[in-house]
Structure formats: C-alpha cells, structure tokens
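Asks: Build me a structure from this.
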Amino acid sequence: HLVCWFKGLEGGGLAADEDRKMNHNDHDDEENADVYIPPAPAFPDLKHAKVDHDRKHRPPGLKLSDTLIMMFAEIVLMVFYGLFVENETVPKPNFPDPGEEDLPGMLDLVQPFKRYPPGFDNFVGSPRSQERKTQEHYSSFIQIAFFIFLSLPWSFSFLRKFSYSSATFALFTACVSIQFGIIVMQLVDRVHCIFLENMLLNPDPDITPEKLAALNFTDFNYQCQVMRPQDEIEDGFGLRQVRQACYCRVWTEMSGNKTKTVLRPLVAAHALLVTGHRDFKPFSLSLSFMDIIDGMYSTVPTLISFGVMVGKMAPVQNVVLVFMNVLSYAFNYWVCIYVIGAFDGTGGSTITHTFGAFFGAACTAVATPKGAENDPDCCGRYQSDIFSLFGSLMIWAYYPSYNSFYAPSNAQQAVAINTYLALLGSSVSGLLASALFTGDIKLSIFDAQRSSIAGGVAIGSVANLTAEPWEAIVIGAVGGVACSWAGHYMRVFCVGRLKVHDTVGVMSMHGWPGLIGWIAGVIKLIPLNLDYITGDRKSKNLAYILPWENILQHQQGNGDAAIAQAVIAPMTIAIALVTGLVAGAVSKKVTHLDLELLFKDDTFFHVPDDFQKALDEDHIPDEMGDHDGHANGHANGHANGHANGDTKMIANGTKGGELAV
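Replies: Numbers count the residues shown, from 1 in each chain. Take a look at the predicted model:
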C-alpha cells in the first residue's frame with residue numbers, strides 16, 4: 001500500500017487519480033477485480049505530508065529549547081523568592097514612643113517619595129492616621145485581579161483561529177510579569193535611595209549656595225539633620241529630595257547598626273515610611289497585598305504590549321517581552337515619577353497606557369514577519385467577537401477600582417465616579433463616531449470593543465482628582481472619539497506606511513486616549529497656584545480637601561507642577577520606542593514563527609477534530625475583500641460536491657480556490 005501511495009504521488013496526485021477512475025469505468029468489473037487502485041494522496045508532496053505529521057504530533061510553535069528557556073526563567077524567579085522575599089509582619093506595630101535620642105517636636109516629617117494607597121500605615125500617630133480608609137486592600141486586590149486575569153485576556157480573544165492561544169498566553173504573560181514586577185518595583189525604591197544619597201555628594205544645581213549653607217552644606221557633603229525646628233525647614237523639589245536623601249542615609253546607617261533603631265525609634269519609623277522599606281534588613285524584600293498590587297500595575301503595560309503582538313509571537317518571545325517590558329516600565333516610572341517629580345498615579349494614562357502601546361508598536365515593527373497583516377486568519381468571527389466584547393465589558397466594570405486604588409483617600413470616591421462618567425462618555429461618543437467613520441452609518445464591533453473603555457484610559461491621570469463631573473464626561477468622550485478615529489484611520493496608516501501591524505488595536509485603545517489623558521492633566525495643573533495648594537481655595541473649589549503636599553512633588557505654585565507633567569509624555573514615548581525596538585530585536589534572535597504558523601491555535605495546541613472544518617464552514621471574508629476567491633471557491637466547491645455526491649466537484653472547488661488566490 002505504501003509503495004502504491006508513493007507511486008500515486010509521482011503519478012500526478014488528483015489528476016492521475018481522476019484518469020485512473022475514468023479508465024476503470026471503461027473496463028469490465030471482472031478484468032479489474034484484482035487491480036488495486038491507490039487512493040488519492042492527501043498531500044501534493046512528501047514535504048507537506050511531513051509538515052502535517054509534525055503538526056499533529058508536535059505543535060510546530062513549541063520547541064524543546066524554548067520550553068527549557070522558559071522553565072529556567074521560572075526556576076530563577078523561584079530561587080530569588082526563596083532567598084530574598086519574605087512575608088510582611090502582621091499585625092503592624094503601633095507608631096513607636098519617642099526614644100532616648102528622639103526629639104518629637106523637631107522631627108523632619110518630609111513627604112515620602114514612595115507611592116502608597118490610602119490607609120497604608122494607618123495607625124495612631126502616623127502622618128496618615130487621619131486618612132479615611134474607604135477600601136480594604138484585599139477587596140482592591142480581587143477587583144484588580146479580575147481586571148488583569150479575566151478581563152484583558154478575554155478582550156484579546158477575538159481572532160477566529162487563535163482564541164485558545166490569546167487567552168492562555170495572556171494569562172501566562174501576566175503570571176510571569178507579576179512575579180517579576182513584585183521584585184522590580186521594590187528595587188526601584190532602593191535604586192532611588194542610592195540616587196538620592198549620591199545627590200548628597202552632588203546636589204541639584206537649582207539649590208542655591210545660600211540655602212545649602214543654611215542647611216549646613218559644606219564641601220559638597222550635606223550634613224543631614226532630621227531633627228531640626230520646623231520653621232527652619234525650607235521646601236521645594238530639590239530641597240525635598242535632599243531631605244528624603246537624608247532618610248535614605250538614616251536607613252543605611254540603621255540597617256548596619258540596629259541599636260540606633262532603639263535609641264531613635266521615631267526617626268526609624270519615618271525612615272521606613274519615606275524610603276518604602278518595611279524593615280532594616282538590607283537584602284530582603286517584603287510581600288503583602290500592596291506589593292502584589294504594585295506588581296499587577298507593572299503587568300498592565302506588559303499586557304498592553306502583548307496585545308500588539310497577539311498571534312505573531314511564540315511563548316518564549318513573550319517571556320523576553322515580559323522581562324524587558326517590566327524593566328523598561330520600571331525605569332520609565334523612576335525617571336518620570338521619582339526623578340522628574342510628575343504625578344500619574346491614579347490610572348497611569350501616560351506611564352502605563354501610552355508606554356505599553358508605544359513599546360508594543362516598536363517591538364512588533366522589528367519582530368513581526370512581513371506580511372502578517374495579510375493573513376486571512378488575522379480577523380474575528382461572530383462568536384469570538386462576542387467573547388472579546390464581554391472582556392471589554394468586564395474591563396468597563398472594574399476600571400473605577402483600577403483607577404482609584406492609589407488616589408488620596410479623600411478623593412477616592414470622586415476618582416471612581418469620574419472614571420464611571422468618563423466611561424459613559426466614551427461609550428456613547430465612540431459608537432456615534434463609529435457610525436460616522438465607517439462611511440455607511442453602520443457600527444463597527446471594533447469600536448464597541450475598544451472605544452467603550454477608552455474613557456477610563458483618558459481619565460487616568462491627575463485630572464481625575466480635580467475634574468468636575470461634566471469635565472470627566474468630556475474627557476471620556478474625547479478619548480472615545482480619538483480611539484474610534486485612530487482605529488479607522490491611524491491604524492491603516494501605520495500598516496500601510498509604517499509597516500507596523502497592531503493585532504488588537506491597542507494604539508487606538510491605549511496609546512491615543514493615554515495622550516488625551518496627559519493633555520488633560522497638564523491643563524488641570526496649569527491654574528494650580530499657592531492659593532490652591534495651601535490656601536482656602538482648595539476647599540472652596542472642591543467638595544473635599546486634597547493633601548497636595550502628599551500628591552505633588554512640585555508645589556511652588558508657579559507652574560512647576562504643569563511643566564513636570566508636560567515632560568513625561570515625550571520622555572515616556574522615547575523610552576518606550578527605544579526599549580521596544582531592543583526587545584523586538586532580542587525576541588527575534590531567540591526564535592520566530594514562520595508566516596504560515598501565525599494566528600492559528602493548532603500551531604501551539606492540540607485542537608478538536610472539528611477545528612478546521614468548523615472554521616472553514618463559518619469563514620466570512622474580511623471587509624477589504626481579500627481572499628474572496630479562495631473562500632468562495634473552496635466553500636462552494638465543497639458544498640456543491642457534497643450536494644451532488646460527486647468527488648470530482650470537491651476537487652474542482654479546491655482547485656478553483658487555489659487559482660483564485
């Protein structure tokens with residue numbers, strides 16, 4: 001049988017089989033009773049037969065070497081956790097009584113550079129003891145986990161042949177990213193302390209010699225005084241960083257000599273608060289709900305970048321993307337928030353959404369095979385688009401929790417409400433814009449899936465702290481229109497001119513609305529002056545009092561806060577593009593997928609027997625009309641062949657489809 005099958009391959013495949021059938025019909029049944037007629041070969045040559053065999057027995061998208069690399073990366077994370085990560089001590093000790101060397105009335109209560117959620121260290125005597133705690137950390141943890149692990153992966157599952165992989169690889173990417181992000185975001189605080197301590201030797205040039213002399217600055221070696229009269233303490237961004245640096249130095253000294261923590265417990269407690277450390281162990285990292293949520297927030301830009309690459313990267317490339325994305329995000333966060341002193345902590349329109357979108361765009365420009373955008377499987381179908389829409393609705397529902405977690409406690413309710421209002425505005429305006437941009441006054445499912453949540457991205461900046469309800473709706477509406485416009489026009493431009501293919505459309509969903517949020521934040525900070533920061537106007541113009549001294553690093557009231565906010569978008573885009581290009585080049589060196597393996601679940605998964613059949617029957621050509629000949633020829637040929645019971649019709653239908661392509 002095998003010899004005859006090979007002869008069948010050499011004899012011309014389907015055409016030879018048809019000739020044999022015709023000859024067979026011309027002879028008597030008795031004469032041909034002993035003649036074996038081999039079946040038509042399933043493949044045109046041995047190469048295609050081998051490819052099919054390998055695909056069925058070993059998915060071609062996974063290699064043993066890739067699997068070993070991913071296992072090694074996970075083992076390294078396990079070892080690091082085993083050596084350096086410890087659970088946080090519970091319950092937290094009360095704020096200590098003054099020690100022998102403490103002077104309570106003269107303690108420099110400089111604001112921490114570490115970002116804290118409301119209610120952190122909420123014990124009697126703490127600088128945060130008066131804050132109203134509106135959300136337990138576990139409740140926030142669950143809601144943000146739904147946002148990341150359920151909503152985002154489902155929103156990616158719209159591809160007709162890639163639903164298994166979209167959701168599974170998004171979960172895989174998120175799990176690796178959170179493990180790494182928990183570590184990296186705590187290391188950011190330690191790196192900043194090293195940076196600040198170095199500033200004590202090389203101060204900010206904006207600090208005048210007179211101010212430094214008043215603070216006992218001599219020979220470029222600042223003599224820290226964390227105990228000094230409050231009226232002698234001068235504030236300003238540069239001076240505040242020097243004061244924070246003093247507590248970094250205190251932590252370094254006390255970690256080497258624990259006796260000082262007993263003699264100066266008030267100083268020790270404030271040193272931990274300022275620096276973000278939980279104890280005085282030099283080589284340990286803590287683990288609490290707050291640390292896990294920090295890791296979750298560092299995972300969001302990774303998943304945004306993953307959305308650009310869905311269907312075009314192997315799992316081991318996703319691991320490369322995770323490590324480089326989290327490191328790049330942490331570096332950008334440190335530069336924009338700690339060094340520049342901007343504020344983008346209530347949703348991260350710029351440092352999270354804009355960064356993730358531009359990082360992914362740069363990565364796909366290098367790592368994606370040319371021609372991926374023309375793949376007939378790079379499109380959705382009815383059922384998968386419904387699942388993706390459900391994921392977007394889940395994001396919609398949990399977005400207020402995501403945006404409001406790091407908001408000051410007094411403004412937390414307002415931030416959640418403003419986020420809801422912005423989502424309402426983007427949902428309505430995005431769908432109305434969709435009817436206009438499609439050209440035939442019909443809606444696009446693309447806009448329903450993406451524009452509806454663009455408002456949450458656009459309101460996720462400092463603007464949501466002070467926005468009036470009508471302003472929140474306007475910001476959301478502008479974000480929704482920008483998302484729809486970018487999806488219909490900028491996405492086509494990026495593919496056609498820049499050769500940058502965005503699978504999910506995250507540039508329109510996160511990139512452009514993120515820039516809208518950045519602009520709104522700058523506009524809202526421009527009128528911020530000393531009357532708003534320290535005077536009565538901050539309570540007259542808002543229904544709540546904002547502790548600007550704990551929110552803004554720049555608070556001179558002369559436009560310094562708006563300037564710092566204006567700088568972070570160009571800085572973020574530059575860092576994202578450079579690091580994204582590097583990540584794309586590295587991931588392409590590790591491995592890459594051939595063009596014919598993209599956007600297909602059977603590249604990585606064992607799929608059901610009806611996988612190909614069901615999709616072929618349900619296949620609807622894309623809106624641009626590509627592959628119409630192949631789809632119609634293949635489908636019509638099969639349909640007619642089965643209806644007539646004629647095998648020849650099936651062959652002609654398949655052949656007609658191939659000729660049409």
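
Asks: So residue 294 sits against residue 181, correct?
Replies: Yes - because the distance of 7.0 Å satisfies CB atoms under 8 Å, residue 294 is recorded as touching residue 181. From N, CA and C alone the C-beta is placed, and that goes for glycine too.

Asks: quick one, which of the two is more surrounded?
Replies: residue 181 (28 against 23; other CB atoms under 10 Å).

Asks: Ramachandran coordinates for that one?
Replies: Dihedral angles phi and psi of residue 181 (degrees, to the nearest 10) take the values phi -70, psi -40.

Asks: my guess is it meets residue 291, correct?
Replies: No - contact status for residue 181 versus residue 291: not in contact, 9.5 Å apart, counting by CB under 8 Å.

Asks: May I see the buried residues of stretch 339-352?
Replies: For stretch 339-352, a neighbour-count test (16 or more other CB atoms under 10 Å) marks 340-352 as buried.

Asks: nearest to residue 96, of these?
Replies: Each of the buried residues of stretch 339-352 was scored against residue 96 by CB to CB, and residue 345 proved nearest at 28.4 Å.

Asks: mind checking how far that closest one is from residue 597?
Replies: Relative to residue 597, residue 345 is positioned 41 Å away (CB to CB, to the nearest Å).

Asks: Repeat that for residue 293.
Replies: In this structure, residue 293 and residue 597 are 37 Å apart, going by CB to CB.

Asks: Then residue 498?
Replies: Summarising the geometry, the distance separating residue 498 from residue 597, computed by CB to CB, is 24 Å.

Asks: Compare the two and say which one has the larger neighbour count.
Replies: In this comparison of residue 498 against residue 597, neighbours counted by other CB under 10 Å, the higher total goes to residue 597 at 19 against 11.

Asks: Hmm, that one is touching residue 603, no?
Replies: Yes - using CB under 8 Å, residue 597 is in contact with residue 603, at 4.5 Å.

Asks: Name the residues of stretch 465-483 that are buried.
Replies: Applying a neighbour-count criterion of 16+ other CB under 10 Å, one finds 465-467, 471-483 buried in stretch 465-483.

Asks: Could you single out the nearest of the residues you listed to residue 151?
Replies: residue 483 (16.9 Å).

Asks: So the residue nearest the centre of the chain, which state does it fall into?
Replies: Per CA atoms, centre = their mean, the C-alpha nearest to the average position across the chain is that of residue 301, at 2.3 Å. Here residue 301 is helix, with the state taken from DSSP: H, G, I helix; E, B strand; the rest coil.

Asks: what's the closest non-adjacent residue to it?
Replies: Computed as CB to CB, 6 or more residues apart in numbering, the closest residue to residue 301 that is not its neighbour in sequence is residue 356, at 3.3 Å.

Asks: so who does that neighbour touch?
Replies: Taking CB atoms under 8 Å, 6 or more residues apart in numbering, we find residue 356 in contact with 300-305, 325, 329, 506, 510, 576.

Asks: repeat that for 10 Å
Replies: Residue 356 is in contact with 299-308, 325, 328-329, 348, 506, 510-511, 514, 572, 576, 580, counting by CB atoms under 10 Å, 6 or more residues apart in numbering.
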